[in-house]
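Novice: sequence unknown, structure follows:
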């Protein structure tokens, strides 16, 4: 039970929920350019497991790292932080 705290978690926006019990989450981060010192926006997408199929596109969610569930799915939904209207 104590090892769960070592797992990575990320906050992002759901960009797709068309799959059954799966969502695609886009995580944005700001990175400083090493030479020009300017801030750049970088985005990564993660496929996460949504057991109850309760997320909609645009929702802000927290996902947590887990064991491989399928070919691309290595994250699971922890909670929905903000629902889109």
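Specialist: Sure, I can see it. What you see is a predicted model, and the numbers here were worked out from it, not measured in a lab.

Novice: Give me the nearest residue to the residue positioned nearest the centre of the chain, chain neighbours excluded.
Specialist: The chain has residue 25 as the residue nearest its centroid, 4.1 Å off, counting by Cα atoms, centre = their mean. Nearest non-adjacent residue to residue 25, counting by Cβ to Cβ, 6 or more residues apart in numbering: residue 12, 4.2 Å away. For the C-beta atoms, the positions are set from N, CA and C on the backbone; glycine is no exception.

Novice: Quick one: residues contacting that neighbour.
Specialist: The contact partners of residue 12, by Cβ atoms under 8 Å, 6 or more residues apart in numbering, come to 25-28, 46, 60-61, 63.

Novice: Save those residues as TSV, and put in secondary structure, distance to residue 54 and pLDDT too.
Specialist: Converted to TSV, those look like this (DSSP: H, G, I helix; E, B strand; the rest coil; distance: Cβ to Cβ, whole Å; pLDDT from 0 to 100):
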residue	secondary structure	distance to residue 54	pLDDT
25	strand	14	98
26	strand	18	98
27	strand	20	98
28	strand	23	97
46	strand	17	98
60	strand	14	98
61	strand	10	98
63	strand	14	98
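
Novice: Select only the buried ones of the residues you listed in ChimeraX?
Specialist: Buried members of the contacts of residue 12, defined by 16 or more other Cβ atoms under 10 Å, are picked up in ChimeraX with:
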select :25,46,60,61,63
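
Novice: which one of the contacts of residue 12 is nearest residue 76?
Specialist: Among the contacts of residue 12, residue 63 lies closest to residue 76 (Cβ to Cβ), at 6.6 Å.

Novice: still on that earlier bit, give the partner strands of the helix or strand encompassing the residue nearest to residue 25 in its sheet and their orientations.
Specialist: Assessed by DSSP states H and E, residue 12 sits inside strand 9-16. Within its sheet, and counting by DSSP bridges, strand 9-16 is paired with strand 22-32 (antiparallel), strand 60-65 (antiparallel).
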